[in-house]
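Q: Based on what follows, work out the 3D shape:
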Amino acid sequence: MTQRAKIEAEGPEPGAGGGGAAAGTAIDAGAELDPVHPVKPPAPRFKPGGLTTAEVAERVARGAVNDVPVRSSRSTPDIVRGNVFTRFNAIIGVLWVIMLFVAPIQDSLFGFVIIANTGIGIIQELRAKKTLDGLAVIGEAKPSVRRDGRTAEISTSEIVLDDVIELGPGDKVVVDGAVGEADGLEIDESLLTGEADPVLKKHGDPVMSGSFVVAGGGAFTATKVGREAYAAQLAEEASRFTLVHSELRSGISTILKYVTWMMIPTSLGLVVSQLIVKDDNFKDAVARTVGGIVPMIPEGLVLLTSVAFAIGVIRLGRKQCLVQELPAIEGLARVNVVCLDKTGTLTEGGMDVTECRPLGGAEASYVKKVLGALGESDPRPNASLQAIIDAYPDSAEWRCTESLPFSSARKYSGASFSEGDGENNTWLLGAPDVLLPAGDPALEEINELNEQGLRVLLLGRAARELDDAAVATGVRPTALIVLEQRLRPDAADTLRYFEDQDVKAKVISGDNAVSVGAVAGKLGLPGADSTVDARELPTDRAAMAEVLDGNSVFGRVTPQQKRDMVAALQFKGHTVAMTGDGVNDVLALKDADIGVSMGSGSEATRAVAQIVLLNNSFSTLPSVVAEGRRVIGNITRVATLFLTKTVYSVLLAVLVVCSQVEYPFLPRHLTLLSTLTIGIPAFFLALAPNKERAKPHFVKRVMRYAIPGGGVAAVATFLTYLIARHHYSGPDALKAETSAATLALFLTSMWVLAIIARPYTWWRVGLVGAMGAAFLIVLVVPWLQDFFQLKLEGAVMPWIAVAIAAAAAALIEFTFRWVDRRFPA
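A: Residues are numbered from 1 along each chain as shown. Below is the predicted model of the structure:
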């Protein structure tokens, strides 16, 4: 039986007993590790069997536990605060309290609407939080920890100071520590330090939380846990809920900032003018002033954006899709290039050995012994080596004297054996086109297999020692191992979806370029017949971007090249998503605009991805894109409604101030109009299916409709009001004038709604019709007329209002179409 070799272990056993703050560690708990030039502190005493139950209990009792909470969502208090304590809620709240004292309850309805809106927002976000937290538990990484001489997987929150934690390829370092065992242990610290090359760790070397293993294995002693750990300190500054860039949210924030600046002078002018005009009726002046200020506030816009995101999270959660950052839903919908790692994304994780071809007269039985011994030499085999282990279990009593774990950067692994008969040999197993020189006769045979989409590994006898940097030079080919990869049944349909949506798919893999192209060809990927060997890619970013734009399939890509390829595509102006499941994908996932990881992927990939497909189903991605498009398209629609109201409210107030007339509306009138032309329709439109392609420039696309639409509505309403002031006289003239102006504003706003609701479906037509019917009911039912102070007097003025509204609707229709041509989004 072979043994793990080159285990650089063990400091002296710790003294008896486990108590005391210094038990098991010699590192000052307060000492900081500089991530760029870490100072190597004295190594703690390493205990191979781990802590005892009593030692763990003692550390738990004194609080030496890794108690950093895993935050997949905002806390409940944060959600409540975020929905209740907003700038606009504060303004409306003050106005509501004033109205409760000076006017009938009808004029305070807007306050109850805000309470209802806030409650809906809180409930939906709490539902989304429940979904996120439940999925986060499913996807949580559980490190392997040694205790009482046994290894078990435990939650990261259960790790205590001095625990011995095992590491293997793809594992994330979850707490700071010092290496106690190292078997070719290579750790990538680039996410912390920016250093691109993996660091070979030896006994006593420090490891930092947030780094991850790219090759080899080992174990380390936890020296800093909880908030003292390096990654936890970073998390304090930017927790997981820190959002990726969201054009929707930043655009809405920009709009609200300008709305606030417009509101301040307009509101002050309105207050002064109404107090002057209505000097004999203070309460009515206050009511009409509030009626002018409240509709300026697009209070439901932020709410509906939050609700749309929250419901998107819930819908995707039902499909076992964990959205670790909410705007990632939006981000994936904006993506126009998706980079796919072949293994684990287009293909399933496992493989099968279909053939072993001895070369150069090697005996098949001897080759199988070598393969079995190589499998036994690696305690954490990758998918290829696992397939070999399954096919050729170890049967030789060879002793492994040295081993070299597989690395995606070098493309091979190896081991040296004492083979029992006194002979010592060093063997390498890896990519044939890396281990063999160009023009080697074996490569032609290998190319034929690659063209069938098969993965081929070369077993070769090395002429140099394993620790020689040039060990891959002069390898003598001994056998070819042919592996068949299992294609994901849903991969072809998903690639077809991306093609239909004009999203370019780029397959970037560490495998042989011809083999990758054959697999992509089986799945129907356009451009699969023209593959590029990444070793021939230019290093200049602009030149690389040109090659990437012109091709779809790339093989022999190193982890650093994947990162460079993402950067080159971004340099070209693309919005890039990266999918992957292996440790070689981590850097590219981190740098991509949106990182998508499989649930079965390594701890490191799941940690850096914004979206985790917990069911490992590639076919879930179209659902994420569709959900993002629904959110973006619908919020753009409803934002136009809300901001049209803001524009016409501000302009109406300006016209009233300049004309020194009474403001035409009470709060109850605009509450009714807002509810029927914006509030209820916006709620349905925000959650409706929407497959429109996501477009950039959110603010521009919204304001190019809101400004002309609101402007026309304001002028039409004010014109109706002025004509009504000359038409009506007597003590109840103001009520009749208000009713005529309300009718004109309602009809004009309804036409804006009718435009926004396009393209029409049965339910959209029904929605617009229902809102019109509801307003008609208010006009004809006597008690509703009294409640809302809406009663059309005579026949002439109402028809004038209808005619003005019809002309305004025609002008809005013409203006919107002209804007589409003149200022395309």
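
Q: so residue 183 sits right up against residue 405, yeah?
A: Yes. Under the contact definition of C-beta atoms under 8 Å, residue 183 touches residue 405, with a separation of 7.1 Å. The way it works is simple: take the backbone N, C-alpha and C, and place the C-beta from them, glycine included.

Q: And the helices in the stretch 1-150 of the chain, which stretches?
A: In chain order, the stretch 1-150 of the chain shows helices spanning 53-61, 76-84, 87-102, 109-139, with DSSP state H, counting those that start in this stretch as the criterion.

Q: And the helices in the stretch 551-700 of the chain?
A: For the stretch 551-700 of the chain, the helices defined by DSSP H, counting those that start in this stretch occupy 559-571, 586-591, 603-608, 621-659, 667-674, 680-686, 698-727.

Q: Over to the stretch 301-450 of the chain?
A: 328-334, 364-377, 383-391, 432-435, 441-450.

Q: What are the buried residues along the first one?
A: Meaning helix 328-334. Using 16 or more other C-beta atoms under 10 Å as the test for burial, helix 328-334 gives 328-334.

Q: Go through those and name the one nearest residue 367.
A: Residue 367 has its nearest neighbour among these in residue 332, at 46.2 Å by C-beta to C-beta.

Q: per-residue confidence at residue 556?
A: The predicted local confidence for residue 556 comes out at a pLDDT of 86.

Q: And for residue 648?
A: 92.

Q: coming back round to it: lowest-confidence stretch among the helices of the stretch 551-700 of the chain?
A: Among the helices of the stretch 551-700 of the chain, helix 603-608 carries the lowest mean pLDDT, a mean of 76.

Q: just checking, what packs against that helix?
A: Other elements packing on helix 603-608 under the criterion 3 or more C-beta pairs under 8 Å, 6 or more residues apart in numbering; DSSP states H and E are strand 212-224, helix 586-591, strand 594-598.

Q: So which elements touch the first one?
A: Going back to what we said before, that points to strand 212-224. Secondary structure elements in contact with strand 212-224, counted by 3+ C-beta pairs under 8 Å, 6+ apart, are strand 164-167, strand 176-188, helix 603-608.

Q: got a list of contacts for the first one?
A: The set of residues external to strand 164-167 that reach it, using C-beta atoms under 8 Å, 6 or more residues apart in numbering, is 46-51, 143-147, 151, 159, 173-175, 177, 180, 185, 213, 217-222.

Q: quick one: which helix or strand includes the closest residue to residue 727 other than its chain neighbours?
A: On the basis of C-beta to C-beta, 6 or more residues apart in numbering, the spatially nearest residue to residue 727 that is not a chain neighbour turns out to be residue 797, at 5.1 Å. Per DSSP states H and E: residue 797 is located in helix 796-822.

Q: Where does pLDDT dip in this structure?
A: Counting by pLDDT under 70, the chain contains low-confidence residues at 1-44, 68-74, 135-140, 190-196, 229-245, 277-280, 326, 349, 825.

Q: Look up how far residue 168 lies from residue 380.
A: Applying C-beta to C-beta, to the nearest Å, one obtains 4 Å for the distance of residue 380 from residue 168.

Q: ugh, typo on my part, it should be residue 414
A: Computed with C-beta to C-beta, the distance linking residue 414 and residue 168 is 18 Å.

Q: re earlier: could you tell me which residues touch both of residue 183 and residue 405?
A: With contacts defined as C-beta under 8 Å, 6+ apart, the residues adjacent to both residue 183 and residue 405 are 216-217.

Q: follow-up on the earlier one: now for the helix holding residue 797, which elements pack on it?
A: In terms of contact count using 3+ C-beta pairs under 8 Å, 6+ apart, helix 796-822 is assigned the packing partners helix 698-727, helix 733-756.

Q: Helix or strand for the residue of the chain most remote from its centre, just tell me which one.
A: Among the C-alpha atoms of the chain, the one farthest from their average position, using C-alpha atoms, centre = their mean, is that of residue 730, at 62.6 Å. With the criterion set as DSSP H and E, no secondary-structure element contains residue 730; it sits in neither a helix nor a strand.

Q: Tell me, how many residues neighbour residue 591?
A: 18 (other C-beta atoms under 10 Å).

Q: residue contacts, it?
A: 563, 566-567, 570, 578.

Q: go again using 7 Å as the cut-off
A: Residue 591 is in contact with 563, 566-567, counting by C-beta atoms under 7 Å, 6 or more residues apart in numbering.

Q: just residue 359 next, same as before
A: The contact partners of residue 359, taken as C-beta under 7 Å, 6+ apart, are 442, 477-480.

Q: most tightly surrounded among the helices and strands packed on helix 603-608?
A: For the helices and strands packed on helix 603-608, the largest average neighbour count (mean count of other C-beta atoms under 10 Å) is found in strand 594-598, namely a mean of 29.

Q: Paired strands for that one, with orientation please.
A: Applying DSSP bridges to the sheet, strand 594-598 is found paired with strand 576-580 (parallel), strand 611-613 (parallel).

Q: Put the alpha carbons of it into CSV.
A: Output in CSV follows, covering the C-alpha atoms of strand 594-598 (Å, rounded to 0.1, in the frame of the first residue of the first chain):
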residue,chain,number,x,y,z
ILE,A,594,-21.5,38.3,-12.5
GLY,A,595,-20.0,35.0,-11.1
VAL,A,596,-22.1,31.9,-11.3
SER,A,597,-21.0,28.7,-9.4
MET,A,598,-22.4,25.2,-9.3
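
Q: which residues are in contact with it?
A: Applying C-beta under 7 Å, 6+ apart, the set of residues contacting strand 594-598 from outside is 328, 331-332, 335, 344-345, 577-581, 589, 605-606, 608-613, 616, 621.

Q: 6 Å - rerun?
A: By C-beta atoms under 6 Å, 6 or more residues apart in numbering, the surrounding residues in contact with strand 594-598 are 328, 331-332, 344, 577-579, 581, 589, 605-606, 608-613, 616.

Q: And these, which of them are buried?
A: The neighbour-count test (16+ other C-beta under 10 Å) applied to the contacts of strand 594-598 identifies 328, 331-332, 344, 577-579, 581, 589, 605-606, 608-613, 616 as buried.

Q: Residue 414 and residue 168: which has the busier surroundings?
A: With other C-beta under 10 Å as the criterion, residue 414 and residue 168 differ in neighbour count, and residue 414 comes out ahead with 25 against 22.
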